[in-house]
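In: Return a 3D structure for these sequence lines:
(chains A and B)
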Amino acid sequence: GQSLEQPSEVTAVEGAIVQINCTYQTSGFYGLSWYQQHDGGAPTFLSYNALDGLEETGRFSSFLSRSDSYGYLLLQELQMKDSASYFCAVRDIRTGANNLFFGTGTRLTVIP
Amino acid sequence: NAGVTQTPKFQVLKTGQSMTLQCAQDMNHNSMYWYRQDPGMGLRLIYYSASEGTTDKGEVPNGYNVSRLNKREFSLRLESAAPSQTSVYFCASTPARGPETQYFGPGTRLLVL
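Out: Numbering: from 1, shown residues only, chains lettered A, B, ... in the order given. Predicted coordinates:
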């Protein structure tokens, strides 16, 4: 089978750090992608990890552990504009691995 | 450079009516995708096209048809709309290197009564 598990909601304080976890199960793993989606908007690509370790892009970092089938998105110095839904995704082996299978998303609320 | 564009932005249909959702990209991407997103759920793939002239079913293809008209355009057709097809529809495209980095259009909000 194929599955992605991520928390449905996370709340954090402005200026703090928050970690959004994603656990995956798939018969063919290529890497883990992260997307951000604001309410009423379109998903936008944030990061992709194919290898173990931490990838940093400004205030956002993404981590992957292939041995644990686990990854996370780390958001630092949280801003109000970071309130959004965050989706992890893996290649969808069920339909030929030329497309992505998305998790159900984590809704992040940043409070003052 | 407009990226990925979709028309229309909003549409209300009656059960049984048909319509076509249009999508175009100007980034010279090979692969294009159609997703639907329902409240509280992730994106579910309807159909995709790995290159001009080819289309393949995704996770939820029933009730839909697609056409990859050329490299730029990928349309989604609902032949006989049903209330279960009320959703937000997103088109996306990606360069040839892989599906991980997708660029999404603004979406079409469809209500079927």
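In: residues in contact with residue 86?
Out: In the absence of a named chain, this looks at chain A. Shown here is residue A:86, whose contacts under the criterion CB atoms under 8 Å, 6 or more residues apart in numbering or on different chains are A:6, A:20, A:34, A:35, A:36, A:37, A:46, A:73, A:105, A:106, A:108. (C-beta placed from N, C-alpha, C; glycine too.)
In: oops, I was thinking of chain B
Out: Residues in contact with residue B:86, defined by CB under 8 Å, 6+ apart, are B:110, B:111, B:112.
In: What distance do you get for it to residue A:10?
Out: Plainly put, residue B:86 is 28 Å away from residue A:10 if you go by CB to CB, to the nearest Å.
In: Then residue B:24?
Out: From residue B:24 over to residue A:10 the distance is 36 Å, taken as CB to CB.
In: the more surrounded of these two?
Out: Of the pair residue B:24 and residue A:10, residue B:24 is the one with more neighbours under other CB atoms under 10 Å in any protein chain shown, namely 20 against 17.
In: right, and that one touches residue B:73 too?
Out: Yes. Residue B:24 sits in contact with residue B:73 when judged by CB atoms under 8 Å, with a separation of 4.9 Å.
In: that older thread, restrict the contacts of residue A:86 to those near chain B?
Out: Of the entries in those, the ones placed beside chain B under the rule of CB under 8 Å from any CB of the partner chain are A:35, A:105.
In: so of the contacts of residue A:86, which ones are in strands?
Out: Within the contacts of residue A:86, membership in strands is found for A:20, A:34, A:35, A:36, A:37, A:46, A:73, A:106, A:108, as judged by DSSP state E.
In: Can you report how many residues neighbour residue 77?
Out: You didn't pick a chain, so chain A it is. The criterion is other CB under 10 Å. On that basis, residue A:77 has 11 neighbouring residues.
In: should've been chain B
Out: Other residues lying near residue B:77 total 13 when counted by other CB under 10 Å.
In: Which helix or strand lies directly C-terminal to the strand or helix carrying it?
Out: Counting by DSSP states H and E, the secondary-structure element that holds residue B:77 is strand B:74-78. Sequence-wise, the next helix or strand beyond strand B:74-78 is strand B:87-94, with elements assigned using DSSP H and E.
In: can I get the CA coordinates of that following strand in PDB?
Out: Backbone C-alpha positions of strand B:87-94 (Å, rounded to 0.1, in the frame of the first residue of the first chain) are rendered in PDB as follows:
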ATOM      1  CA  SER B  87     -14.700  20.500  -5.800                       C
ATOM      2  CA  VAL B  88     -11.800  22.800  -6.500                       C
ATOM      3  CA  TYR B  89      -9.800  21.700  -9.600                       C
ATOM      4  CA  PHE B  90      -6.200  22.400 -10.000                       C
ATOM      5  CA  CYS B  91      -4.000  22.100 -13.100                       C
ATOM      6  CA  ALA B  92      -0.200  21.700 -12.700                       C
ATOM      7  CA  SER B  93       2.800  21.200 -14.800                       C
ATOM      8  CA  THR B  94       6.400  20.100 -14.200                       C
END
